[in-house]
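> this one's structure only:
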């Protein structure tokens, strides 16, 4: 059956209640009466089962008006009073409910900082007020219970590099040991209107989650951010939703790793990792785990031999580097994580299989002492390749060590960031 006829039947299901009712009553008639394939008949029968259709007087103009109010694309077909959407795509039609695809049909959430909408969020959870139950000791009878003081759950959000760069300011500051409290809001948006607002007050950053980067993936890249608020409250919307993002998103395949004196153009992937902020001036940076093609492992082998096997690992032997998040042209930098104080921990060759067509790769693990996040367009961040000024570590303000311990402590090292390599992954 032609796409035009299929589209016409889908529109009839949306605009002719009697026709939709007949299809729901006798779905097999679709196949025999209109020459549909079994797959096409099942798809249209599923659409017909999505609820009541609009009134008989609905016209194409009214249908477009309904779609516009719901924030749907012009090519979408609205069924069942908005309960489901059939949208034309490269592979045909797909059905998206409010739960499975909230962006076009349901409610979305946006981050607000300093009274400005930063952009829509992929996912939001937490922030609720709660209390713990305390039980009282008793010698018999019912155990008495009461509530402890109120506390507020962490707020977990996921956001992409398409948002306003200022959305990353709190975590950029926290990585430089300046995890100062900040307030903002989560704005609920239905269609094009703000319908709710949840304020968070005096929140500090508790975790930054960086997704796995893989040169073979086609997935979009989203960063997880956890905030620890002092309190939250519901309020009336105080700002209007922003327009479409002015910046492009980021694919996890578009990355580049740079390390001082190490060829990294054969790094195939970097595992996901999380940076945790356990106190206002304490940052827990995790190890980095890489997959490297065996054809580009030589520099890592030499580094592993000297640093691990030969034991030549004073602080002065640590390296610096960066992870660049790149636009599709693999030249424009959307953001970067500067890596300070890198040391190689492990190099392994994983499992192998005879006659396998898989690309042979080695597993490399590195420790990292500090990280700095810089997003393109963010404040007055240094330009790409420019050496940032490392923030003073909390230890810099600690009391001077005694002469006996001072001799054993290595002196601070000035860390410089290598210029990005022009080679793409």
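Looks like it arrived, so ask away. It should be emphasised that the depicted structure is a prediction, and the values quoted were computed from it without experimental measurement.

> What segments of the stretch 51-200 of the chain are helices?
Assigned by DSSP state H, counting those that start in this stretch, the helices in the stretch 51-200 of the chain fall at 60-69, 102-105, 169-174.

> Worst mean pLDDT among these?
Confidence, taken as mean pLDDT, is least for helix 102-105 of these (a mean of 38).

> Going by residue numbers, what spans are helices in the stretch 251-400 of the chain?
Secondary structure of the stretch 251-400 of the chain by DSSP H, counting those that start in this stretch: the helices cover 298-304.

> Any idea what residue 235 is bridged to?
residue 197 (DSSP bridges).

> Quick check: it vs residue 332, distance?
38 Å (CB to CB, to the nearest Å). All C-beta spots, glycine's among them, are computed from the backbone N, C-alpha and C.

> again with residue 125
Distance from residue 125 to residue 332, by CB to CB: 32 Å.

> same thing with residue 121?
Taking CB to CB, one finds residue 121 at 24 Å from residue 332.

> low-scoring pLDDT stretches of the stretch 301-425 of the chain, where are they?
Residues of the stretch 301-425 of the chain meeting the criterion pLDDT under 70: 350-358, 380-425.

> what about 50?
380-418, 422-425 (pLDDT under 50).

> So which residues of it form strands?
In the stretch 301-425 of the chain, the strands defined using DSSP state E, counting those that start in this stretch lie at 319-326, 333-348, 361-375.

> Can I get these in TSV including mean neighbour count?
Shown next, in TSV, are the strands of the stretch 301-425 of the chain (neighbours: other CB atoms under 10 Å):
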stretch	mean neighbour count
strand 319-326	22
strand 333-348	20
strand 361-375	20
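
> any chance of these in JSON lines, plus distance to residue 200?
JSON lines is the format used below for the strands of the stretch 301-425 of the chain (distance: least, CB to CB, whole Å):
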{"stretch": "strand 319-326", "distance to residue 200": "26"}
{"stretch": "strand 333-348", "distance to residue 200": "24"}
{"stretch": "strand 361-375", "distance to residue 200": "21"}
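
> Which one of the ones you listed lies nearest to residue 307?
Proximity to residue 307 (CB to CB) singles out strand 333-348 among those, at 5.1 Å.

> what angle sits between that closest one and strand 319-326?
On the basis of axes from the mean of the first three to the mean of the last three CA atoms, to 10 degrees, strand 333-348 is oriented at 130 degrees to strand 319-326.

> any idea of the angle strand 333-348 forms with strand 361-375?
150 degrees.

> helices or strands up against strand 333-348?
In terms of contacts (3 or more CB pairs under 8 Å, 6 or more residues apart in numbering; DSSP states H and E), strand 333-348 is packed against helix 298-304, strand 319-326, strand 361-375.

> Out of these, flag the one nearest residue 229.
Minimum separation from residue 229 across the helices and strands packed on strand 333-348 (CB to CB) falls at strand 361-375, 21.0 Å.
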